[in-house]
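Engineer: Sequence unavailable; structure follows:
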């Protein structure tokens, strides 16, 4: 899920483990977007990407409005926020006692070192 959100440039991605604190879900996935259109794009990419793996949401809310999208995948509930809306609702503060994992940006694809191709070409000649 994190990589699907990061593919659409999600910011401040966190996973909150609420397993011991809630009977409704095990994890909250929370991320921010800079515009309503980006909230929609991130949400659509998560639903589409997980759908390709046979994982369908139980329900979605707020995707069209683009301010706060909630995607319910049973064990994981994803929240995609406009940054200002995220600050206002403070989901992390509501679950302050839950362990939280910050997700780093995806690592860029590795390229071969500048001289590595030359050496292989020389050996093959």
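Structural biologist: Thanks, I have the structure now. Every value quoted in this text rests on a predicted model; they were computed, and no experiment measured them.
Engineer: Of all the helix elements in the chain, which one is longest?
Structural biologist: Counting by DSSP state H, the longest helix found in the chain is helix 36-51.
Engineer: And the contacts of that helix?
Structural biologist: Applying CB atoms under 8 Å, 6 or more residues apart in numbering, the contact partners of helix 36-51 are 1, 4-5, 7-10, 31, 33, 56-57, 60, 63-69, 71, 73, 78, 80-82. Where C-beta positions appear, they are placed from N, C-alpha and C, glycine not excepted.
Engineer: what about burial for the residues you listed, which qualify?
Structural biologist: Buried members of the contacts of helix 36-51, scored by 16 or more other CB atoms under 10 Å, are 1, 4-5, 8, 10, 31, 33, 57, 60, 63, 66-69, 71, 73, 78, 80-82.
Engineer: Could you give the number of residues near the nearest residue to residue 9 once chain neighbours are set aside?
Structural biologist: Distance criterion CB to CB, 6 or more residues apart in numbering; nearest residue to residue 9, sequence neighbours excluded, is residue 38 at 6.9 Å. Residue 38 is flanked by 18 other residues according to other CB atoms under 10 Å.
Engineer: can you pull the pLDDT of residue 38?
Structural biologist: The per-residue pLDDT reported for residue 38 equals 97.
Engineer: In this structure, where is pLDDT below threshold?
Structural biologist: 105-125 (pLDDT under 70).
Engineer: hmm, 50 instead?
Structural biologist: Residue ranges of the chain with pLDDT under 50: 107, 110-125.
Engineer: At which residues are the helices of it located?
Structural biologist: Using DSSP H, the helices of the chain run over 2-7, 36-51, 83-89, 91-94, 116-124.
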